[in-house]
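> I would like to see how this sequence folds:
(one chain, ligands or ions: 1)
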Amino acid sequence: MTTSGQQAKVTERQARQVAEAARETDWKKPSFAKELFLGRFRLDLVHPHPVGDPVGIERGEKFLAQLRAFCETAIDPYQIEREDRIPDRVVQGLRDLGAFGMKIPTEYGGLGLSQVYYNKACALAGSMHPTLSTLLSAHQSIGVPQPIKMFGTEEQKKTWLPRSAKQVTAFLLTEADVGSDPARMGATAVPDGDDYILNGVKLWTTNGVVADLLVVMALVPRSEGHRGGISAFVVEAAAPGVVVENRNSFMGLRGIENGVTRFTDVRLPKANLIGKEGQGLKIALSTLNVGRLSVPAVCTGTAKWCLKIAREWTRERVQWGKRVGDHEAVAGKVAFIAATAYALEAVTDLSSEMADEDRNDIRIEAALAKLYASEMAWLVADELVQIRGGRGFETAESQAARGERGVPAEQMLRDMRINRIFEGSTEIMHLLIAREAVDAHLSVAGDIIDPEVELKAKARAAGKAGVFYAKWLPKLVAGKGQAPRSFAEFGPLAAHLRFVERSSRKLARSTFYGMSRWQGKLEYKQRFLGRIVDIGAELFAISAVCVRAQRDPEGGSAAELADAFCQQARVRVEALFSELWTNSDDSDRTLAHRVLADRYTWLEEGVLDPSIEGPWIAENRADEVKENVHRPIP
Ligand SMILES: Cc1cc2nc3c(=O)[nH]c(=O)nc-3n(C[C@H](O)[C@H](O)[C@H](O)COP(=O)(O)OP(=O)(O)OC[C@H]3O[C@@H](n4cnc5c(N)ncnc54)[C@H](O)[C@@H]3O)c2cc1C
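From the prediction side, this is the model:
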């Protein structure tokens with residue numbers, strides 16, 4: 001596939017500059033996670049656990065009850081899987097419930113739910129079939145309502161929010177050549193009098209096949225009176241020149257209405273520009289700051305379902321004279337699933353409550369939650385498949401056809417896989433979070449390591465950095481985590497919080513050692529930085545779990561789960577700390593370089609490659625002139 005519009009030729013440095021320009025640099029509110037990376041364990045920022053207001057809770061619970069009743073009675077998950085489509089009557093039912101306007105304020109025709117209840121609704125619908133939560137969250141977490149709510153003028157809110165409460169919307173950033181690197185953006189919006197003319201092709205547009213409204217990112221060329229840059233526009237899907245050329249299908253999420261949308265000379269009134277020219281990526285990133293919390297919410301729902309199935313199955317299934325759950329190898333998996341389900345809920349709820357409370361800046365917590373939950377839910381789903389044995393690999397419908405209970409374990413595994421890729425892939429989340437984790441260092445020592453900074457400025461920066469580190473480093477030597485009775489109000493969990501405090505200082509020291517050792521090259525040590533971030537994610541999860549267990553009505557049994565999770569997480573943290581310095585990163589980089597230089601192609605002999613050009617490909621390729629497959633839901 002080709003993209004129309006000019007494809008930018010972009011160097012690594014330019015790509016970085018675009019990402020850096022889109023970054024929010026202000027920290028007006030405290031950040032628990034940012035402090036954690038700096039060696040300062042600010043438990044007071046998350047403890048006591050924030051709780052929503054009673055009116056919001058009542059409203060949220062009422063809606064959840066309605067949604068649950070609807071999902072249980074009106075949705076056939078097998079049908080979605082079989083027909084690769086959410087039936088129109090289901091979409092209509094969700095619309096009638098107000099599910100498309102969950103996060104839209106009531107004055108604009110929405111339900112005005114909190115982030116907490118929006119997430120719980122996504123988790124509930126997603127546990128019935130993850131495509132349902134994808135429909136809802138692509139529309140509300142990243143589609144038209146969220147950026148309009150955050151950045152739209154009053155006029156834009158009045159125009160689009162009431163419509164968004166009833167209609168499906170989509171978010172279109174990605175292009176064939178623009179994935180994690182928006183600097184290569186090919187779509188253009190060229191000023192023409194008071195309008196813009198949009199051209200380009202967008203790929204993997206979740207909801208795009210059925211959407212009524214789209215948010216489209218396109219490059220406005222710089223010209224007189226136009227500062228230009230990547231900008232965000234609201235586009236009517238039915239406007240002349242908008243064509244959905246393909247409906248894509250995937251390894252999972254069957255039924256998502258994800259397409260390829262081509263824009264040919266689409267006229268956009270100026271009123272459709274969100275924010276200002278050049279603010280598109282900032283808007284997208286800010287929208288995602290909280291918007292991406294629906295991913296951990298859905299992962300949490302899946303982990304909870306996996307726990308239920310794991311419990312029921314490993315208790316019922318007997319092999320070698322024992323329940324399979326009593327064999328130690330399987331017991332370890334059950335324990336992992338149970339502890340992780342508890343932790344994912346703790347992380348998601350804490351982050352969501354913090355988003356509603358709005359006392360802290362939660363951009364790092366939300367990113368950590370997305371990263372951690374998507375990775376862990378994948379492992380959980382994989383362990384469930386293993387525990388279910390052959391049935392884990394068999395489709396639910398096939399099991400049901402044989403007269404057994406149809407358990408969609410393989411489907412959950414397939415459906416969970418995408419969470420590690422979209423809304424910021426794991427690798428990109430590592431970079432994004434690491435950038436914030438090392439920000440304190442870059443702000444004091446950045447000029448020393450920046451190759452473009454002159455010697456004089458470097459010397460000045462060195463002086464400034466010396467003063468900062470002389471004060472900061474001694475603070476990392478000792479802390480509350482070494483006092484045997486600190487955090488005593490947490491009872492048996494206090495030891496885990498002491499571990500977090502000690503590890504937070506160790507993490508900051510390790511980051512500093514990395515910075516001193518590699519200096520400007522640190523940004524290329526992606527695996528080192530990835531481990532730094534992963535340690536931070538585990539420490540955040542341990543903190544969330546301990547704080548949650550304190551207020552959990554389940555009391556003792558919650559504390560058991562919390563304790564089990566902390567023990568498991570601590571083993572992972574210790575391993576990650578050790579891998580910071582003992583690893584095969586250097587030899588792996590050399591090996592990968594050699595692979596890319598075709599040194600080992602002999603190893604690929606003896607197999608066939610079904611992806612290379614063959615008659616089966618030609619037969620399946622669509623005609624050059626593509627039909628519009630846009631299918632708005634009646
Ligand atoms: C089912 C589905 C739904 C989607 N929905 C939407 C949607 O609604 N709207 C939308 O705009 N997009 C959507 N996407 C696109 C999705 O967000 C992208 O797939 C994602 O951003 C990754 O981009 P890419 O696939 O081009 O991978 P690439 O950017 O080409 O990356 C390939 C690999 O390299 C890694 N990588 C890339 N850059 C770096 C780097 N600098 N350092 C280290 N590693 C790197 C990536 O993590 C990945 O592993 C969807 C995709 C799918 C499959």
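
> ok, the closest residue to Q482 other than its chain neighbours - contacts?
Nearest non-adjacent residue to Q482, counting by C-beta to C-beta, 6 or more residues apart in numbering: R502, 6.8 Å away. Where you see a C-beta, it was placed from the backbone N, CA and C, and this is true even at glycine. Residues near R502 by C-beta atoms under 8 Å, 6 or more residues apart in numbering: 479, 481-482.

> Can you classify R163 as helix, strand or coil?
helix (DSSP: H, G, I helix; E, B strand; the rest coil).

> picking that back up, surely the residue nearest to Q482 forms part of a helix?
Yes. Looking at R502 with three-state DSSP, it is inside a helix.

> one step back: compare the contacts of R502 and tell me which has the most neighbours.
G481 (19 neighbours; other C-beta atoms under 10 Å).

> What are the phi and psi values at that one?
phi -60, psi -20 (degrees, to the nearest 10).

> Surely it and R498 touch.
Yes. With contact defined as C-beta atoms under 8 Å, G481 and R498 form a contacting pair (4.2 Å).

> Quick check, pLDDT for the closest residue to A211 other than its chain neighbours.
Ranked by C-beta to C-beta, 6+ apart and with sequence neighbours excluded, the top spatial neighbour of A211 is A170, at 4.2 Å. A170 carries a pLDDT score of 97 in this model.

> ok now do A170, which residues does it touch?
For A170, the contacting residues are 138-139, 143, 205-208, 211, 213-215, by C-beta under 8 Å, 6+ apart.

> who wins for neighbours among these?
A211 (32 neighbours).

> Can you pull the residues of the stretch 451-600 of the chain lying near the ligand?
The stretch 451-600 of the chain comes close to the ligand at residues Q526, as judged by C-beta under 6 Å from any ligand atom.

> How about the stretch 151-300 of the chain?
170-174, 179-180, 204-206, 250, 253, 258.

> Return the subset of those lying in helices.
Among these, no member falls in helices (criterion: DSSP state H).

> Can you select the buried ones from these in PyMOL?
Remark: buried members of those, expressed as a PyMOL selection using 16 or more other C-beta atoms under 10 Å:
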select buried, resi 170+171+172+173+174+204+205+206+253+258
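
> the domain parsing of the chain - what is it?
For the chain, automatic domain parsing gives the domain ranges 54-164, 169-278, 288-432, 434-588.

> By mean pLDDT, show me the worst of the ones you listed.
The bottom spot among these, by mean pLDDT, belongs to domain 434-588, with a mean of 88.

> who's in contact with A562?
Contacts of A562 were listed using C-beta under 8 Å, 6+ apart, and they are 342, 346, 493, 496, 545-546, 548-549.

> repeat that with 10 Å
Residues counted as contacts of A562 (C-beta atoms under 10 Å, 6 or more residues apart in numbering) are 339, 342-343, 346, 490, 492-493, 496, 542, 544-550, 552.

> From those residues, list the buried ones, please.
Counted by 16+ other C-beta under 10 Å, those give 339, 342-343, 346, 490, 493, 496, 542, 544-550, 552 as buried.

> Which one of those residues is nearest to the ligand?
Of all the buried ones among the contacts of A562, the ligand sits closest to A343, with 24.1 Å by C-beta to the nearest ligand atom.

> Report the contact partners of the residue of the chain found nearest the ligand.
Nearest residue of the chain to the ligand (C-beta to the nearest ligand atom) works out as G179 at 1.7 Å. Taking C-beta under 10 Å, 6+ apart, we find G179 in contact with 173, 203-204, 421, 425, 428.

> Hmm, K270 and T153 touching each other?
No. Taking contacts as C-beta atoms under 10 Å, T153 lies outside contact range of K270: 11.5 Å.

> For stretch 255-270, which residues meet the burial criterion?
Result for stretch 255-270 [16+ other C-beta under 10 Å]: buried residues 255-263, 266, 268.

> Equivalent analysis for stretch 350-370, please.
Here stretch 350-370 shows 350-357, 360-370 as buried, counting by 16+ other C-beta under 10 Å.

> other SSEs contacting the host helix or strand of L67?
Counting by DSSP states H and E, the element that carries L67 is helix 54-74. Contact analysis of helix 54-74 by 3 or more C-beta pairs under 10 Å, 6 or more residues apart in numbering; DSSP states H and E lists helix 88-97, helix 115-128, helix 130-137 as its packing neighbours.

> Could you point out which of these sits nearest T511?
helix 115-128 (30.1 Å; C-beta to C-beta).

> what packs against the closest one?
helix 54-74, helix 77-83, helix 130-137, helix 280-291, helix 294-316, helix 328-357.

> again, only using 6 Å
If contacts are counted by 3 or more C-beta pairs under 6 Å, 6 or more residues apart in numbering; DSSP states H and E, helix 115-128 sits against helix 54-74, helix 130-137, helix 294-316, helix 328-357.
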